[in-house]
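Q: 3D model of this:
(one chain, ligands or ions: 1)
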Amino acid sequence: MYKIFNTAGEASEYTARRLLNQIRLNPRASLGFATGSTMEPVYRFLVKCLKRDPLDLSQLTTFNLDEYIGLSRGHAQSYRYYMQHHLFNKLSIPEDKVNLPDGKATDVSRACHAYSEAIEAVGGLDFQLLGIGSNGHIGFNEPYTCFFSRTHVVELSEQTRLDNGRFFANKKDVPTQAITMGIQDILDAKEIVLLATGSKKAAVMADLYRSAADVALPASALKQHGNVTFVLDREAASLLPREVLGEAMGIEKTGLGL
Ligand SMILES: O=P(O)(O)OC[C@H]1O[C@](O)(CO)[C@@H](O)[C@@H]1O
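A: A predicted model of the protein is given here:
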């Protein structure tokens, strides 16, 4: 299902409300979180709502999608730092219920295996939040990643390192490897919301709309999942066929939105 909003702000608020709804309906939910600039307004709105109307977060479990290899948790560009800064330092989720891949693990393959097992041990993810890379990656699953993959080490593509170079002082500082939840871990989530905002995501969202499930476009694996919502702003939706745009915005107007 597509939900298209006029602005990135509205799309982000809708996404945050979907998360809040999950927590309200199931205080024991396991939530999959994403990073990247797209998610910043989502977390801002989530924190604002939870400050205003607190919910019990003590029984939640969270798993992040990915982490750079080689960056310590205190490194300003590590995803651990991002999550602490944007979310975890502001909410009362118990520290031992928060999970991110360890970019400094000494035995990386063991750490990867343990990460997928930990997700399985809580019964899989109830809700997975996703962004999308300009090359169609979800998590850090780059093009041609096997759809059956579990948590693993990836070599980051030049495109991804170029895209993410904006966060680093120097593009060459972007790590070359990362740990990511696998595509199968993501597909096992009961509910998935993918958020894409801004004109830079328009081309990949149009490709995704047109594509059948194809390993060249990792996000197309989501076509095999029965409960995915693609949440876009007008800019990210600008290259979708007109009828999709009309329909997805029409749905919103009928009041079916949260
Ligand atoms: O929101 P951004 O910064 O465009 O990033 C998109 C995606 O790329 C990643 O940051 C990884 O490169 C994901 O974590 C994110 O979902």
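Q: ok, residue 44 - contacts?
A: By CB atoms under 8 Å, 6 or more residues apart in numbering, the contact set of residue 44 is 12, 86. (C-beta placed from N, C-alpha, C; glycine too.)
Q: got the contact list for residue 49?
A: 16-17, 20.
Q: who's in contact with the closest residue to residue 108 other than its chain neighbours?
A: Spatially, and ignoring its direct neighbours in sequence, residue 108 is nearest to residue 153 (5.8 Å; CB to CB, 6 or more residues apart in numbering). Neighbouring residues of residue 153 by CB under 8 Å, 6+ apart: 69, 108-109, 112, 177-179.
Q: Could you measure from the residue nearest the centre of the chain over to the ligand?
A: The centroid of the chain falls nearest to residue 130 when counting by CA atoms, centre = their mean (2.4 Å). As judged by CB to the nearest ligand atom, to the nearest Å, residue 130 and the ligand stand 6 Å apart.
Q: My read is that that residue contacts residue 34, right?
A: Yes. The criterion here is CB atoms under 8 Å, and residue 130 meets it with residue 34 at 5.5 Å.
Q: hang on, the earlier thing: now do the contacts for the residue nearest to the centre of the chain.
A: Residue 130 is in contact with 34, 65, 138-139, 186, 192-195, 219, 222, counting by CB under 8 Å, 6+ apart.
Q: and with 6 Å instead?
A: Residues counted as contacts of residue 130 (CB atoms under 6 Å, 6 or more residues apart in numbering) are 34, 138, 194.
Q: filter these by proximity to the ligand?
A: residue 34 (CB under 6 Å from any ligand atom).
Q: between the contacts of residue 130, which is closest to residue 249?
A: residue 194 (17.4 Å; CB to CB).
Q: and the closest one, backbone torsions?
A: phi -110, psi 120 (degrees, to the nearest 10).
Q: what's the spacing between the lengthiest helix in the chain and its chain's center?
A: Taking DSSP state H as the criterion, the chain has its longest helix at helix 8-25. Computed by CA atoms, centre = their mean, to the nearest Å, the chain-centroid distance of helix 8-25 equals 13 Å.
Q: try stretch 35-45
A: 10 Å.
Q: Please tell me I have it right and residue 202 contacts residue 237.
A: No. Under the criterion of CB atoms under 6 Å, residue 202 is not in contact with residue 237, lying 7.3 Å apart.
Q: residues in contact with stretch 61-68?
A: With CB under 6 Å, 6+ apart as the criterion, stretch 61-68 contacts 30-34, 79, 97-101, 103, 119, 122, 139-140, 175, 178-181.
Q: Check for me that residue 128 belongs to a helix.
A: No. Secondary structure of residue 128 (DSSP: H, G, I helix; E, B strand; the rest coil): strand, not part of a helix.
Q: Quick check: pLDDT value at it.
A: Predicted confidence (pLDDT) for residue 128: 98.
Q: returning to that earlier point: from the contacts of residue 153, which two are the most distant?
A: Within the contacts of residue 153, 109 and 178 form the most distant pair, 14.1 Å apart (CB to CB).
Q: returning to that earlier point: filter the contacts of stretch 61-68 to the buried ones?
A: 30-34, 79, 97-101, 103, 119, 139-140, 175, 178-181 (16 or more other CB atoms under 10 Å).
Q: In strands only, show me the residues you listed.
A: 30-33, 98-99, 178-180 (DSSP state E).
Q: Relative to residue 55, which of those residues is nearest.
A: residue 31 (12.4 Å).
Q: what about residue 202 and residue 237, which has more around it?
A: residue 237 (27 against 20; other CB atoms under 10 Å).
Q: Thanks again, I'm all set now.
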